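A.B. asks: just a sequence and a predicted model for now, questions to come.
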Amino acid sequence: MKLTYNKTDLHTHTCASGHGTKDRITDLAKEAARRQMEVLGISDHGPASPGSARLSYFRGLLLGERTRFGVTIRYGAEANILDRDGRLDIPDEILRALDYCIISMHRPIYTSGSAAENTKAYLCAMEHPNVKIIGHCDDSRFPVDYRELLTGALSRGVVPELNNVSLLSGSYRRDCRENSIRLLQTCEALSCHIILSSDSHGREHIGEVSAALALTEEVSFPRQLILSDYIV
């Protein structure tokens, strides 16, 4: 598959996420510049993830440089949904100060319920300040009602992502291709925009959206609904 890179990638991870890489923000920014990217978002896992950074790390992001190697940097977080009431593992006072927040469900942090219960958890989590993106809602271990989820996202100004890692062979998430097709079909029916995200841990895959883009082309998803330059 020919590699395709987005000019903007808001879902990336550094060593502060506690797994998958030893790369720092500087390493990702250098690679983003080499790939001629324009915007790099840093969205490390919230502190409930094993080995992830403490809250002080997310507070410290406020002091980060806004441009590195010619690339605009946005500082965010991938917050963990903790329960069916949509509580997050990063307090609102910190979320308000960040550029954006991705909300996601991860094992063993969130105990999955029914599709209705999981959907409610996402919708409640969207009420937290600066939540802009729904992370990888493509995993059958966390079933959702896509129409209800996306209707709620539209009313709250939140955008779902099509996660590139989920669509790669060997992904640990379940039924991602089938669920991603359902996600795209529902987005099209509701005229809901999506973004394409790498979910790269480290520099190697930042900006890479080849599998996600290929799926949108396969199902003839409207290009005008893809926010390829979404900036928070």
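C.D. replies: It's in.
A.B. asks: can you tell me the average pLDDT over the strand ranked longest in the chain?
C.D. replies: The strand that spans the most residues within the chain, counting by DSSP state E, is strand 71-80. For strand 71-80, the mean pLDDT works out to 98.
A.B. asks: please apply the same query to stretch 44-53.
C.D. replies: Mean pLDDT, stretch 44-53: 97.
A.B. asks: kindly state the pLDDT recorded for the closest residue to His13 other than its chain neighbours?
C.D. replies: Excluding the flanking residues, the one nearest His13 by CB to CB, 6 or more residues apart in numbering is His201, at 4.5 Å. Where you see a C-beta, it was placed from the backbone N, CA and C, and this is true even at glycine. The pLDDT attached to His201 in the predicted structure is 96.
A.B. asks: my guess is His201 contacts Gly20. True?
C.D. replies: Yes: using CB atoms under 8 Å, His201 makes contact with Gly20 at a distance of 3.0 Å.
A.B. asks: any shared contact partners between these two?
C.D. replies: Counting by CB atoms under 8 Å, 6 or more residues apart in numbering, the shared contacts of His201 and Gly20 are His13.
A.B. asks: neighbour count winner among those two?
C.D. replies: For His201 versus Gly20, neighbours defined as other CB atoms under 10 Å are more numerous around His201 (21 against 15).
A.B. asks: what residues are up against that one?
C.D. replies: 12-13, 17, 19-21.
A.B. asks: how close does it sit to Glu127?
C.D. replies: 28 Å (CB to CB, to the nearest Å).
A.B. asks: cool, Ser191 as well?
C.D. replies: 23 Å.
A.B. asks: which SS class is the closest residue to Arg54 other than its chain neighbours?
C.D. replies: Residue nearest to Arg54 in three dimensions, not counting chain neighbours: Pro47, with 5.5 Å by CB to CB, 6+ apart. Here Pro47 is coil, with the state taken from DSSP: H, G, I helix; E, B strand; the rest coil.
A.B. asks: and Pro47, how many neighbours?
C.D. replies: By the criterion of other CB under 10 Å, Pro47 has 20 neighbours.
A.B. asks: now do the strands in the chain.
C.D. replies: Assigned by DSSP E, the chain shows strands spanning 8-9, 12-13, 39-42, 67-68, 71-80, 100-104, 131-134, 159-163, 195-197, 200-201.
A.B. asks: of those, which is nearest Val209?
C.D. replies: Proximity to Val209 (CB to CB) singles out strand 195-197 among the strands of the chain, at 4.0 Å.
A.B. asks: tell me the pLDDT at the closest residue to Leu167 other than its chain neighbours?
C.D. replies: Nearest non-adjacent residue to Leu167, counting by CB to CB, 6+ apart: Ala211, 3.9 Å away. Here, the pLDDT recorded for Ala211 equals 95.
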